[in-house]
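Novice: Next input, structure requested:
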Amino acid sequence: MARTAVSGSGASAGDDPLQTAVWRLRSRACWTDAAALLEPLGATDAAAALQRVELLVERCLYTEQGWDEAEDALRTAEALARDDEERGAAACERGHLAYVATLLGRRDRADEARSALGRAAALIAPGAPGRALLDFRRGLIAENLADSPTAARAAYRRAHTVASAAGDQFLLSFTWRHLAGLALREGELAEARHGFAESLRIREELGYLVGTAPALVSLADAEDDPEAGRLRAEATRLFRLLGGVPTWLAGQLAPQAV
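Specialist: Numbering: from 1, shown residues only. Model prediction:
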């Protein structure tokens, strides 16, 4: 199964100090510390509360831990939502948490995931900033829960187009990777290599260290040796550096390397 983190944005020179600090911690798998920085603001501010949810769900995805804290943060974000955009964003996060729980086998919440993302689609206008992320997550459900690559590709392409127009490089790193995964599934090696390489390039440029090892492994799947071996060796180095996260990546690396 393909797996992904949630969307966000990398730190840049224009970011405020809080967002820069949050990004640096997040990119190095320090989600608890990053969420703690947002906790005071997130108690009253809907946007900060939603960002905390993103971080804590990403921790669940990468470590398979922290589910109760993510649920608590999500309830806070839902309670703070005041307009359709905020309520839609909270529903999108609920759908993603339910998807992650289902994907990792913690509990079957597939119906909840579909329902929440459907609710988000009704609340988030087609041209709104959060629509690309919603489309991407609907693609994840189509690909990994419904086994519908055609529907997944359409959703990923919609997300990719909007993210590209908006300059959302972080989300593009995921749309490139998942479109490439579908291409690899169909034997389109050149297209798969291109997409995986673009995803890896973006993650390296953004400094998204925790997402770089999965990107390396994905590209290795589309390459021949010795290049594939080199990519996997680098992924193994990063995996060890970050203390064995993502946990699910261990099964894709050689046992003796892990």
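
Novice: hey, where'd the helices end up in this protein?
Specialist: Per DSSP state H, the chain carries helices over the ranges 17-27, 31-42, 46-63, 67-80, 84-103, 110-123, 131-144, 149-166, 169-185, 189-206, 212-221, 227-241.

Novice: Dump those helices into JSON lines; add mean pLDDT and mean neighbour count as well.
Specialist: C-betas here are computed from N, CA, C, even on glycine. Listed next are those as JSON lines, based on pLDDT from 0 to 100; neighbours: other Cβ atoms under 10 Å:
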{"stretch": "helix 17-27", "mean pLDDT": "96", "mean neighbour count": "18"}
{"stretch": "helix 31-42", "mean pLDDT": "96", "mean neighbour count": "19"}
{"stretch": "helix 46-63", "mean pLDDT": "97", "mean neighbour count": "24"}
{"stretch": "helix 67-80", "mean pLDDT": "97", "mean neighbour count": "18"}
{"stretch": "helix 84-103", "mean pLDDT": "97", "mean neighbour count": "24"}
{"stretch": "helix 110-123", "mean pLDDT": "97", "mean neighbour count": "18"}
{"stretch": "helix 131-144", "mean pLDDT": "97", "mean neighbour count": "24"}
{"stretch": "helix 149-166", "mean pLDDT": "96", "mean neighbour count": "18"}
{"stretch": "helix 169-185", "mean pLDDT": "97", "mean neighbour count": "23"}
{"stretch": "helix 189-206", "mean pLDDT": "97", "mean neighbour count": "19"}
{"stretch": "helix 212-221", "mean pLDDT": "96", "mean neighbour count": "24"}
{"stretch": "helix 227-241", "mean pLDDT": "95", "mean neighbour count": "17"}
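
Novice: and stretch 58-69, how far from the chain's centre?
Specialist: A distance of 13 Å separates the centroid of the chain from that of stretch 58-69, by Cα atoms, centre = their mean, to the nearest Å.

Novice: again, but for stretch 167-174
Specialist: From the chain centre to the centre of stretch 167-174 is a distance of 10 Å (Cα atoms, centre = their mean).

Novice: Same question for stretch 204-219.
Specialist: How far stretch 204-219 lies from its chain's middle: 12 Å, per Cα atoms, centre = their mean.

Novice: want to try CSV for the helices of the chain, with distance to Leu249 as columns?
Specialist: Shown next, in CSV, are these (distance: least, Cβ to Cβ, whole Å):
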stretch, distance to Leu249
helix 17-27, 16
helix 31-42, 16
helix 46-63, 9
helix 67-80, 19
helix 84-103, 14
helix 110-123, 23
helix 131-144, 16
helix 149-166, 21
helix 169-185, 14
helix 189-206, 14
helix 212-221, 6
helix 227-241, 6
